[in-house]
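Asks: Next come a sequence and a model predicted from it.
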Amino acid sequence: MGKFIVKRLLQCVLILFFVALIIYAVMRCLPTSYVESIARQRSSLPGSKSYTEWLAQLNAVYGLDVGIFRGFLKWLASAVRLDFGDSWQYNVPVMEKFKDVIWYSFALGAVSFFFELIISIPAGIIAAVKQYSKIDYAVTVIALIGVSLPTFFFATILKLVFSIKLGWFDLYGMVGRYHEQLSAWGQFGDIAKHFVLPTCTIVIISIGSMMRYTRTNMLEVLNSDYIRTARAKGVAENKVISYHAFRNTLIPIVTIVGGSIPGLFSGALITETLFQIPGIGYISYQAMVGGDIPFSMFYMIFMAVLTLLGTLIADILYAVVDPRVRVN
Amino acid sequence: MADKKDLSYLSAKESRRITKENRKITKEYEKQISRKDVPESEYLTKMHNDKNILEIDNLHTYFFTDQGVVRSVDGVSFDVPRGATIGVVGESGCGKSVTSLSVMRLLQRPIGQIVDGEIRFKVDDDKAYDIAKMPIAEMQHIRGKKISMIFQEPMTTLNPVFKIGRQLDEVFELHDKETKAEDRRAKSIELLEMVGIANAEGVYDMYPHELSGGMRQRVVIAMALACQPKLIIADEPTTALDVTIQAQILDIFRQLKEKINSSIMLITHDLGVIAEMADFVVVMYAGRIVEKGTLEDIFLHPAHPYTIGLMDSKPSVNKDVDRLYSIPGKVPNPINMPDYCYFRDRCEKCLDKCDGEYPPLIKISDTHYVACYRSEDKEVKE
């Protein structure tokens, strides 16, 4: 097992190298250039140097006067020491900005993920056990709605109903108007209240696929021979489902769930932007629009690491729950 | 155009209508079998013959599919005497497995339902239950303890995520709650040894995927024997195994039968296995019994053309033939069964009478019954 993990980690390093190279190249080729826009600003000031002079000077300052590959190597040399440089847009070290915003994203992601799991897995299992019943149809329809609704549309509907018509929640933002005057618990409650709508949006959008996945898997397991064997042994029906079938259904579910745990840190770009929650998704979106190469590079690499970590965790968990794939 | 109706074609509308109707019917059955707190008196019954362990009487098991009602088992009756081996033969889809699943009440619900008939089973020396009328929840005290079942596919019958030991121990846990964990372990290992597994202690801690097909089937057999059931249903236990393993498994059956004195209901399409194992034989065709009798009756004096055809289509060492015989034609569509003898269209020995209604079971000796008009003249009146 140890050997397997080491091998996988080495593969990950190789993949990361190429991912970073490609992203860097793409970032350099983007039509939005931070340097160009600054140069344009500066040159339009009265009595300033010309645009080209500004551009040359800024390029030298920001290290963009070298070719893509050499620039990449330079970036890589500091990145391997976990030094991602300063964000151009936010004027602070990338890591500092990251530390400021990541926990909002994580809180949002973790709470949504928790609700997603406790709603979708039981619902999927019940739908499978009572196939073609009313509950099954209800679950299938809800799943379909969840899968097909776009985030921005659904978030807007929620805002319309709960913020504008009912006035229960604020339209966007993370804190209310009187946040500063509240007690510590009051402040926590205030933030929690502002997280309700974003969480609802993410949960409803994401439960659909998980429910369908659970249902399909459970149905497959319930029709398998070993479930019939369990029944033939005299196992009570609810134990057949909760023990014999559930353990087998868990195999693919755990893989997916384990694989998405690193994703909790990746932020929900669209939802965060819609509700203006300053999480990593929203901040990176702005950095990217502004052509902030250090921050965007960091965020992209961070996402790549999370994805690779996700698959690695999924593989390890797979071996934990399914004895057939255990590597000796 | 309208008069050219293809029987195998179903319009979506028609299919929906059938589905809706079926739902209504199966819902009623489901309600009936899922009831709670059913008094025992409702399914208590008396055996017709005290020597029998199981009496299947006029069993009808239907599948309410979206294409229509499939009469998988349509009026099957036979007895399993205590300590005897009954062989049930027939080609694929003739209802032999469904019969056994009906006895275990393991039919695929809600589409598969026992619609009529009795399955009398002797649970104790002085008590018999009608399994067909039992609520499904009560069956868990019978399955595995009084009747156990061995399935066809050893590769998929064991749960892949639990160790062999865990799966064996569970049977004791379910039916013999007093035993301690160590005792269960000892018992399970003893069972594994009994079915001829050399490294029983090692296998106890293995996962199913670490064993070969033959080994797995032994484990399944061990599992079926755990509580010394009165009846073991073996549904094609050797079909998926190669010939040498088949012989070994059959050997185990024979030895075990002497050891624990259970009755065996052996379901197979392999006449060789039947010849070697069975005391009585039931031949099924398209959901009905076409012939039943002792092993001698069936093998030495087969009376039904289908049985004769089956005998001819099995390879024999002594006979020198170029081509193996095969029964011409195919089984009628299970949804639109004809009202005459189901075998008529494939039969080479038809009489005029065969166009009439389905022949009744005719008794041609004390033990030998056949559903064919050709044997009418040999009928023994009671």
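Replies: Nice, thanks for sending it over. Numbers count the residues shown, from 1 in each chain, chains lettered A, B, ... in the order given.

Asks: In contact with the residue of chain B found nearest chain A, which residues are there?
Replies: For chain B and chain A, the shortest gap (C-beta to the nearest C-beta) falls at B:Gly144, measuring 3.5 Å. In this view, the C-beta of every residue, glycine as well, is placed from N, C-alpha and C. Applying C-beta atoms under 8 Å, 6 or more residues apart in numbering or on different chains, one finds that B:Gly144 lies in contact with A:232-235, B:171, B:174-175, B:226-227, B:229.

Asks: ok, so of these, who is nearest A:Gly176?
Replies: Taking C-beta to C-beta as the measure, A:Gly176 sits nearest to A:Val235 out of those, at 53.7 Å.

Asks: Count the residues that sit near the closest one.
Replies: 22 (other C-beta atoms under 10 Å in any protein chain shown).

Asks: Return the residues in contact with it.
Replies: Contacts were defined as C-beta under 8 Å, 6+ apart; by that measure A:Val235 touches A:243-244, B:140, B:144, B:170, B:174.

Asks: Phi, psi for the residue of the stretch 51-200 of chain A found nearest chain B please.
Replies: Per C-beta to the nearest C-beta, the residue of the stretch 51-200 of chain A with the smallest distance to chain B is A:Tyr132, at 7.9 Å. In this entry, A:Tyr132 is assigned phi and psi values of phi 70, psi 10 (degrees, to the nearest 10).

Asks: Next to chain A, which bits of the stretch 51-200 of chain B? Give me the list.
Replies: For the stretch 51-200 of chain B, the contact set with chain A under C-beta under 8 Å from any C-beta of the partner chain comprises B:104, B:106, B:136-137, B:139-145, B:148-149, B:151, B:153, B:156-162, B:170-171, B:174-175.

Asks: so where is the stretch 101-250 of chain B shaky, pLDDT-wise?
Replies: The stretch 101-250 of chain B contains no residues with pLDDT under 70.

Asks: Which parts of it are strands?
Replies: In chain order, the stretch 101-250 of chain B shows strands spanning B:112-124, B:127-130, B:147-150, B:231-235, with DSSP state E, counting those that start in this stretch as the criterion.

Asks: looking at those strands, which is buried most?
Replies: Per-stretch averages of neighbours, counted by mean count of other C-beta atoms under 10 Å in any protein chain shown, single out strand B:147-150 among those, with a mean of 28.

Asks: Return the list of helices and strands in contact with it.
Replies: Identification of packing neighbours for strand B:147-150 by 3 or more C-beta pairs under 8 Å, 6 or more residues apart in numbering or on different chains; DSSP states H and E yields helix A:225-233, helix B:96-104, helix B:213-225, strand B:231-235.

Asks: buried sites along the helix or strand harbouring B:Lys24?
Replies: Using DSSP states H and E, B:Lys24 sits within helix B:12-33. Taking 16 or more other C-beta atoms under 10 Å in any protein chain shown as the neighbour-count basis, helix B:12-33 is seen to contain the buried residues B:18, B:22, B:26, B:29, B:33.

Asks: Show residues contacting the next helix or strand after it.
Replies: On the C-terminal side of helix B:12-33, the closest following helix or strand by DSSP H and E is strand B:44-45. Contacting residues not belonging to strand B:44-45 are listed as B:118, B:120, B:127-130 [C-beta under 8 Å, 6+ apart].

Asks: And whatever helix or strand comes next after strand B:44-45, what does it pack against?
Replies: Read in the C-terminal direction, the helix or strand following strand B:44-45 is strand B:52-65, with elements assigned using DSSP H and E. If contacts are counted by 3+ C-beta pairs under 8 Å, 6+ apart, strand B:52-65 sits against helix B:12-33, strand B:68-81, helix B:96-104, strand B:112-124, strand B:263-268.

Asks: Run through the helices of the stretch 1-150 of chain A in chain order.
Replies: With DSSP state H, counting those that start in this stretch as the definition, the stretch 1-150 of chain A shows helices at residue ranges A:2-29, A:34-44, A:51-61, A:68-79, A:94-129, A:134-148.

Asks: okay, the angle between the last one and helix A:94-129?
Replies: When axes from the mean of the first three to the mean of the last three C-alpha atoms, to 10 degrees is applied, the directions of helix A:134-148 and helix A:94-129 differ by 150 degrees.

Asks: quick one: contacts for residue 175?
Replies: Looking at chain A here, since you left the chain open. The neighbourhood of A:Val175, defined by C-beta under 8 Å, 6+ apart, consists of A:187, A:190-191, A:194.

Asks: meant chain B actually
Replies: Each residue near B:His175 by C-beta under 8 Å, 6+ apart is listed here: A:234, B:141, B:144-145, B:226-227.

Asks: run the last query once more with 7 Å
Replies: If you count contacts by C-beta atoms under 7 Å, 6 or more residues apart in numbering or on different chains, B:His175 has them with A:234, B:144-145, B:227.

Asks: related to what we said a few turns ago, please produce TSV containing the helices and strands packed on strand B:147-150, extended by distance to B:Tyr204.
Replies: TSV is the format used below for the helices and strands packed on strand B:147-150 (distance: least, C-beta to C-beta, whole Å):
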stretch	distance to B:Tyr204
helix A:225-233	17
helix B:96-104	26
helix B:213-225	10
strand B:231-235	22
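
Asks: With respect to B:Tyr306, which of these lies nearest?
Replies: Across these, closest to B:Tyr306 is helix B:96-104 (C-beta to C-beta), at 13.6 Å.

Asks: Contacts for the closest one next, please.
Replies: The list of residues contacting helix B:96-104 from outside it, by C-beta under 7 Å, 6+ apart, reads A:232, B:54, B:59, B:61, B:72-73, B:76, B:88, B:90, B:107, B:114, B:119, B:131, B:143, B:147, B:149, B:233, B:235, B:265, B:267, B:284.

Asks: What residues of that helix count as buried?
Replies: In terms of neighbour count (16+ other C-beta under 10 Å), helix B:96-104 has its buried residues at B:96-104.

Asks: Stretch A:216-235 now?
Replies: If you call a residue buried by 16+ other C-beta under 10 Å, then stretch A:216-235 has these buried ones: A:217-219, A:221-222, A:224-235.

Asks: what sits against B:Leu59?
Replies: B:73, B:76, B:99, B:102, B:114, B:117, B:119.
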